[in-house]
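*Asks:* Pasting a predicted model and its sequence here:
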Amino acid sequence: MPEFIPTSSSSTSQKNDLASSYRITSSLSFPRLTPVWRERFERFTKPRFLISAFLATSALYCFVIGRDRYTAVSEFVIQQAMPLQGSSASVLAGAAAAPQVLTSLVDGQYLQVYLESSDVKARLFPDGKQLERDYRIKFPDLWTGLRANTSAPKQLDFYRRQLSAAPQPLSGSVILTTSGFTPEQAFNLNNALLKQSRRFVNEVNQSINADQNLFAKKEVHLAEINLKAATRKLELFREKHGNLSVETEQATTSSFISGLESQLVELKVEEAALRRQYRDPNAPEVAFVADQVKELELQIRQERDRALSKDGRDLNALVLEEAELISDVEYATTNLQSARLAADNSRRESQRQLKFVVVLSQSQLPVGPDNNWRWQAFLASIGIVVVAWGVGGFLLNAMRKS
């Protein structure tokens, strides 16, 4: 570069012009550049030029370099097989369907988290290399896509950016939006996610109901086993004691002893009358009745001992044991009835709470690229410039005042 030696007048005028320019550019020093090149460089570093270059670059990428993106949209709702109590089964039922809408909204939020999970990503793209090949970076857009040997977290993050599941608060439906670099990618991904939604809602929800029904059936089976065991114990007890009811036998024995005691009372009255009639207490008539009284008292005592002694049958203890066995049978019977009723209610409740994915709008193969992302990205760059300009101006004013 030829050496340029400026005159004092030209140097002074150029310095004055540069001093009146923007503060940031005036603070730069270029000792190795001549004033002409320094002026040109400072012109390029002015804020207006930098903002224009940034917006031009953003527009070039958004509207020229950026790859086309295709979008497929579908809408579905999660419905129960039967409506909740007091609500309508129709989606168009208005305020009466509010509980159903809330239930569908909550299910949609769960489904939103599930579709963005690594489990679904692994089901749809079991081979990470294939995912990298399908969404690889292509020239001239070197920004969008997956690079080779991308880590699993980055692949998951990229997968999540390709879909959007948005539950609708008013209707309870879910709008599923998928994007891709080709129409087939967006369409196939949307259909695959619909299948995963059906699997999540149908299989998972129905498996929970199946587990509940299985638990109820196990309770019924256990109650039947307990009833059979209690009944068998009672049968063995009665077989051991002559297939008779111990309680009935005790009542019969008590009645028999009561009859003997009544006869004893009558004989004692008759004996007392005979003793008043005959002066000799050893008279044959008196002795005969007295012997009957003694025999009857002995018989009553023997019957009582036979009913209560441990060497005998001990009817009181047997009655308590039999009552306990009968109580066990009655409890097992009641428990079995309750278990069967609970199993029947669980089966009906499972049928009522079955949920299905009802597709309201099926996705269609995109016929053209979706340009919304281009305008969104460009407007975002304009927003960045506006925010940076405002914040920068505020900071410069604060620095000048300080």
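*Replies:* Thanks, I have it.
*Asks:* Let me see the ranges of the helices in the chain.
*Replies:* Ranges of helices within the chain are 8-19, 23-26, 35-44, 47-60, 98-115, 118-124, 128-134, 152-161, 183-198, 205-240, 246-277, 284-308, 315-352, 372-401, based on DSSP state H.
*Asks:* looking at the ones you listed, which is closest to Leu170?
*Replies:* Counting by C-beta to C-beta, Leu170 lies closest to helix 98-115 out of the helices of the chain; the figure is 7.6 Å. Every C-beta, even on glycine, is put in place using the N, C-alpha and C of the backbone.
*Asks:* Quick one: distance of the closest one to the chain centre.
*Replies:* Helix 98-115 has its C-alpha centroid displaced from the chain centroid by 11 Å (C-alpha atoms, centre = their mean, to the nearest Å).
*Asks:* in it, what's buried?
*Replies:* By neighbour count with 16 or more other C-beta atoms under 10 Å, helix 98-115 contains the buried residues Gln100, Val101, Thr103, Ser104, Leu105, Asp107, Gly108, Leu111, Gln112, Tyr114, Leu115.
*Asks:* I'd like these written out as CSV, with pLDDT and distance to Phe378 added.
*Replies:* As requested, these are exported to CSV (pLDDT from 0 to 100; distance: C-beta to C-beta, whole Å):
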residue, pLDDT, distance to Phe378
Gln100, 72, 42
Val101, 78, 38
Thr103, 79, 41
Ser104, 81, 37
Leu105, 85, 34
Asp107, 84, 37
Gly108, 86, 32
Leu111, 89, 33
Gln112, 90, 29
Tyr114, 90, 34
Leu115, 92, 29
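*Asks:* Present these as a markdown table; the columns should include distance to Leu325.
*Replies:* Converted to a markdown table, these look like this (distance: C-beta to C-beta, whole Å):
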| residue | distance to Leu325 |
| --- | --- |
| Gln100 | 52 |
| Val101 | 56 |
| Thr103 | 49 |
| Ser104 | 54 |
| Leu105 | 56 |
| Asp107 | 51 |
| Gly108 | 56 |
| Leu111 | 55 |
| Gln112 | 58 |
| Tyr114 | 54 |
| Leu115 | 59 |
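*Asks:* So which of those is the closest to Tyr278?
*Replies:* Thr103 (100.5 Å).
*Asks:* Surely that closest one is in contact with Val77?
*Replies:* No - between Thr103 and Val77 there is no contact under C-beta atoms under 8 Å: 10.6 Å.
*Asks:* Common neighbours of these two, please.
*Replies:* Contact criterion C-beta atoms under 8 Å, 6 or more residues apart in numbering; residues shared by Thr103 and Val77: Gly172.
*Asks:* Let me see the contact set for Glu219.
*Replies:* Per C-beta under 8 Å, 6+ apart, neighbours of Glu219: Ala339, Ala342, Ala343.
*Asks:* again, only using 6 Å
*Replies:* Ala339 (C-beta atoms under 6 Å, 6 or more residues apart in numbering).
*Asks:* separation between it and Arg352?
*Replies:* Glu219 sits 20 Å away from Arg352, taking C-beta to C-beta, to the nearest Å as the criterion.
*Asks:* and what of Leu146?
*Replies:* 45 Å.
*Asks:* Which of the two has more residues huddled nearby?
*Replies:* Leu146 (18 against 14; other C-beta atoms under 10 Å).
*Asks:* I'd assumed Tyr61 was in contact with Ala377.
*Replies:* No - applying C-beta atoms under 6 Å, one finds Ala377 not in contact with Tyr61, separated by 7.8 Å.
*Asks:* Tell me which of the two has more neighbours.
*Replies:* Tyr61 (18 against 15).
*Asks:* domains in this structure, as residue ranges please.
*Replies:* Listed by automatic domain parsing, the domain ranges of the chain are 34-65+369-402, 66-212+355-363, 221-350.
*Asks:* Let me know which of those domains is tucked in deepest.
*Replies:* domain 66-212+355-363 (a mean of 16; mean count of other C-beta atoms under 10 Å).
*Asks:* Grab the most central residue of this structure for me.
*Replies:* For the chain, the residue nearest the mean C-alpha position is Tyr110 (7.9 Å; C-alpha atoms, centre = their mean).
*Asks:* Now do it against Asn371, distance only.
*Replies:* 33 Å.
*Asks:* returning to that earlier point: if we only consider the buried residues of helix 98-115, which is nearest to Ser381?
*Replies:* Nearest to Ser381 out of the buried residues of helix 98-115 is Gln112 (C-beta to C-beta; 29.3 Å).
*Asks:* Just list the residues touching the closest one, thanks.
*Replies:* Gln112 touches Ala165, counting by C-beta under 6 Å, 6+ apart.
*Asks:* mind running it again at 8 Å?
*Replies:* Neighbouring residues of Gln112 by C-beta under 8 Å, 6+ apart: Ala165, Ala166, Pro167, Val174.
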